[in-house]
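A.B. asks: quick check, what structure comes out for this input:
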Amino acid sequence: MKDLTIGMIGGTGPQGRGLAMRLALTHRRVRIGSRQAQRAQDTARELNRLMLAAAPGLANDLTFPWIEGAGNADVVAGNDVILLTVPYESAEPTLKDLAGTFRRGQIFVDVTVPLEFGKGDVQLIVPPEGSGSQHLRAFVPEFVAFVGAGKTLPAQVLEQLDAPLECNIFVYGDDKAAKTTVMEIMGRIPALRPLDAGGMSAAATVEGITMLLVRVNRKQQSHGGRIRVIGLR
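C.D. replies: The predicted model follows:
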């Protein structure tokens with residue numbers, strides 16, 4: 001498999017920032033996006049400084065692919081694997097704006113979770129299609145493979161580069177080749193083990209698990225709870 005480039009729609013938020021750094025540290029080229037290109041470029045410079053502080057040896061690595069920033073449309077048009085890391089409520093309008101920028105052969109990765117936060121509680125939003133991913137599938141061209149991944153990863157832990165993830169993530173999608181590719185990319189992140197959760201029908205369950213994790217973290221006054229499946233080879 002060629003060394004695929006990664007673009008992140010809305011990569012300036014907590015989830016996108018953490019994933020961008022973790023993936024860049026596996027020597028993947030990563031470009032983060034924003035509606036405002038300057039904001040993405042400013043964030044990219046900040047993330048590069050954070051990675052350099054965590055791993056000073058990168059300063060002497062001429063082959064290290066530093067994170068770049070650009071507008072969302074440029075990020076989608078110019079990369080092989082596209083991660084959606086905007087808040088779920090912004091996902092549909094964002095994808096509508098970007099509909100004409102996708103190209104054949106790309107892989108789209110949905111990292112969003114349809115949650116609604118209230119006082120002391122969090123609820124899962126269940127669209128008519130049955131899950132957030134199944135709803136968003138209609139706004140990504142059919143010629144682009146659609147995969148869900150990374151939904152159970154806490155943003156705060158992702159951004160703490162000195163904290164090993166030591167957990168699993170569930171990866172699902174109907175395109176087996178695309179799913180395998182995403183699992184290989186995510187599996188390069190140290191102490192992160194992707195698990196094949198099956199087809200798109202798994203989306204509702206995975207999103208429900210995320211809601212449960214958020215609830216448990218809130219009850220435990222923590223931000224770091226995540227999933228680790230034991231007993232597997």
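A.B. asks: list the helices and strands the host helix or strand of Ala44 packs on?
C.D. replies: Assessed by DSSP states H and E, Ala44 sits inside helix 37-54. Counting contacts by 3 or more Cβ pairs under 8 Å, 6 or more residues apart in numbering; DSSP states H and E, helix 37-54 packs against helix 14-24, strand 30-34, strand 68-71. From N, CA and C alone the C-beta is placed, and that goes for glycine too.
A.B. asks: need the contact partners of the first one.
C.D. replies: Contacts of helix 14-24 from elsewhere in the structure, counted by Cβ atoms under 8 Å, 6 or more residues apart in numbering, are 6, 8, 10-11, 30, 32, 43, 47, 50-51, 65-67, 83, 85-86, 111, 150, 153, 155-159, 161, 165, 185, 188-189, 192.
A.B. asks: rewinding a little: check the offset of the helix holding Ala44 from the chain's centre.
C.D. replies: 17 Å (Cα atoms, centre = their mean, to the nearest Å).
A.B. asks: helices and strands of the protein: which one bottoms out on pLDDT?
C.D. replies: The helix or strand of the chain with the lowest confidence, counting by mean pLDDT, DSSP states H and E, is strand 115-118 at a mean of 88.
A.B. asks: coming back round to it: any chance of a ChimeraX selection covering the buried ones in the contacts of helix 14-24?
C.D. replies: For the buried members of the contacts of helix 14-24, the matching ChimeraX selection, counting by 16 or more other Cβ atoms under 10 Å, is:
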select :6,8,10,11,30,32,43,47,51,65,67,83,85,86,111,150,153,155,157,158,159,161,165,185,189,192
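A.B. asks: give me the subset of the contacts of helix 14-24 lying in strands.
C.D. replies: Members of the contacts of helix 14-24 lying in strands (criterion: DSSP state E): 6, 8, 30, 32, 83, 192.
A.B. asks: farthest pair within the residues you listed?
C.D. replies: Ile32 and Leu192 (19.3 Å; Cβ to Cβ).
A.B. asks: quick one: low-confidence ranges for this structure?
C.D. replies: 1-2 (pLDDT under 70).
A.B. asks: and Ala55, how many neighbours does it have?
C.D. replies: A count of nearby residues for Ala55, using other Cβ atoms under 10 Å, gives 14.
A.B. asks: so what's the residue count around the residue lying closest to it once chain neighbours are set aside?
C.D. replies: Closest residue in space to Ala55, ignoring its immediate chain neighbours: Leu25 at 7.1 Å, by Cβ to Cβ, 6 or more residues apart in numbering. Residue crowding around Leu25 was assessed by other Cβ under 10 Å; the count is 20.
A.B. asks: cool, the one 10 residues further on as well?
C.D. replies: If you count neighbours by other Cβ under 10 Å, Arg35 ends up with 16.
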